[in-house]
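Asker: fold the stuff below for me.
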Amino acid sequence: MGMTQQMAEHQANIIDGRHHARKLESRVAAAATDLKTNHGITPTLGVILVEGNPASEIYVRKKRQKAESLGIKSIVKTLPPDTALSAIESQITAWNSDDSIHGILLQLPLPGRQDPYDLLQTIAPAKDVDALHALNAGKLFWQQTRQPMPCTPTGCLILLESAVKKFDGLHAVVVGASPLVGRPMAQLLLQKNCTVSIAHSKTKDLPALTRQADILVVATGNADLIRGDMIKPGATVIDVGINRLADGRITGDVCFEEAERIAGAITPVPGGVGPMTIACLMANTVTAAFHAHALELESLFKSADN
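Answerer: Prediction:
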């Protein structure tokens, strides 16, 4: 049997993000029920949505629906696109001092490509359920665990744990260096004892680097950036990208049809990382509610096998 025929017959294991999200959500729902039944507390998430981005409005609606299905109260403050940053900060400040609000999320991106850094730093770190406050990012650097965890990278790690049994010494390549995904993802992979490379738009000869990856995590927002010949045979591929094509189809940053003939395991788009991101957001919210009332809670972020 020739190599071409072997490649044609090979098919990667599909990592089902919806399945693993449901397992995490069941733990979140149980914790929320415990909080309400035994302590009279309803975990509550406050979301600030500045209008102007249709995709953001869809994401917020999905988050709200998921929260309510798990026993989490969701409050959405919708603001017009021309809202001054000072008005957004005032809303954050009000929720910071409201003991009934356990988690605060500023939906990104902001209109007009405004830098959200200063606003994110006004969110009380304990309520920062997106884990974008500098203090929470720093705690991740120091391998602390009681702060909110970055939602998408933590979801990616849970999916990786379903496919990779031993991380020690594996070469992990993260394509994309954003504060939301790429940088915290690299930190989590370092903590699993991987050798980590971070690639970005200035990387020279990206295919030469990605072909070395035992674990390949791609988060760039560029449809089909990673082709099959850029993947090491048997690699585990996590595709974070969600891109809408001109014909309306949704695709990731990885060319799935080519990649599944090369990779050992791969996440689909949709149905891969997306559901895990929202599930991790809900886990952060419930955990924040427990901690706000000095109640202990075993980590909801268990490995995918649990």
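
Asker: residue 291 is in contact with residue 41, correct?
Answerer: No. With contact taken as Cβ atoms under 8 Å, residue 41 and residue 291 are classed as non-touching, separated by 11.7 Å. Where you see a C-beta, it was placed from the backbone N, CA and C, and this is true even at glycine.

Asker: which stretches of this structure form strands?
Answerer: With DSSP state E, the ranges of strands along the chain come out as 13-14, 44-50, 73-79, 103-106, 171-175, 195-199, 215-218, 236-239, 243-244, 250-251, 265-266.

Asker: nearest to residue 145, of those?
Answerer: When the strands of the chain are compared for distance to residue 145 using Cβ to Cβ, the nearest one is strand 103-106, at 17.4 Å.

Asker: closest one to residue 22 among the strands of the chain?
Answerer: With Cβ to Cβ as the measure, strand 13-14 is the member of those nearest residue 22 (15.6 Å).

Asker: that closest one - contacts with which helices or strands?
Answerer: Contacts defined by 3 or more Cβ pairs under 8 Å, 6 or more residues apart in numbering; DSSP states H and E place strand 13-14 against strand 265-266.

Asker: now with 6 Å, please.
Answerer: Judged by 3 or more Cβ pairs under 6 Å, 6 or more residues apart in numbering; DSSP states H and E, strand 13-14 has no packing partners among the helices and strands.

Asker: list the buried residues of stretch 105-116.
Answerer: Under the neighbour-count criterion of 16 or more other Cβ atoms under 10 Å, stretch 105-116 has 105, 106, 107, 108, 110, 116 buried.

Asker: domain ranges for this structure, per the record?
Answerer: If you go by automatic domain parsing, the domain ranges for the chain are 7-18+151-273, 36-128+274-292.

Asker: tell me the helices in the stretch 151-300 of the chain, going along the chain?
Answerer: Defined through DSSP state H, counting those that start in this stretch, the helices belonging to the stretch 151-300 of the chain, from first to last, are 151-163, 182-191, 206-210, 256-259, 273-292.
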